[in-house]
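*Asks:* this is the structure alone, sequence omitted:
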């Protein structure tokens with residue numbers, strides 16, 4: 001455990017977390033925290049968004065409307081279609 005360190009509240013309501021603590025936890029600029037009030041004071045916990053479970057293409061494609069049912073296109077066919085779409089839009 002790190003020795004006690006002090007910090008100061010700025011006029012903008014900001015508190016600097018000492019560099020040694022940020023490095024120890026791997027916190028970088030932009031790290032979000034959950035701020036929780038406890039009986040002992042304020043608790044900051046790193047915010048970790050919920051990770052979505054891994055899915056397969058088959059699981060995801062099942063939710064698409066009007067799925068393509070024909071023969072698979074080649075790379076050349078796709079590139080030609082893209083080029084044609086660009087020509088039409090210009």
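*Replies:* Perfect, I can see it now. Everything numeric in this text was worked out from a predicted model, so none of it was measured.

*Asks:* please enumerate the helices of this structure.
*Replies:* With DSSP state H as the criterion, the chain has helices at 19-25, 57-61, 75-89.

*Asks:* can you tell me which of the ones you listed is packed in deepest?
*Replies:* Looking across these with neighbours counted as mean count of other C-beta atoms under 10 Å, the highest average goes to helix 19-25: a mean of 11. (C-beta placed from N, C-alpha, C; glycine too.)

*Asks:* save the helices of the chain as a markdown table, and put in mean pLDDT and distance to residue 6 too.
*Replies:* A markdown table is the format used below for those (pLDDT from 0 to 100; distance: least, C-beta to C-beta, whole Å):
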| stretch | mean pLDDT | distance to residue 6 |
| --- | --- | --- |
| helix 19-25 | 92 | 12 |
| helix 57-61 | 77 | 50 |
| helix 75-89 | 91 | 60 |
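
*Asks:* reformat those helices as CSV; add distance to residue 48.
*Replies:* Conversion of those to CSV gives the following (distance: least, C-beta to C-beta, whole Å):
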stretch, distance to residue 48
helix 19-25, 12
helix 57-61, 24
helix 75-89, 38
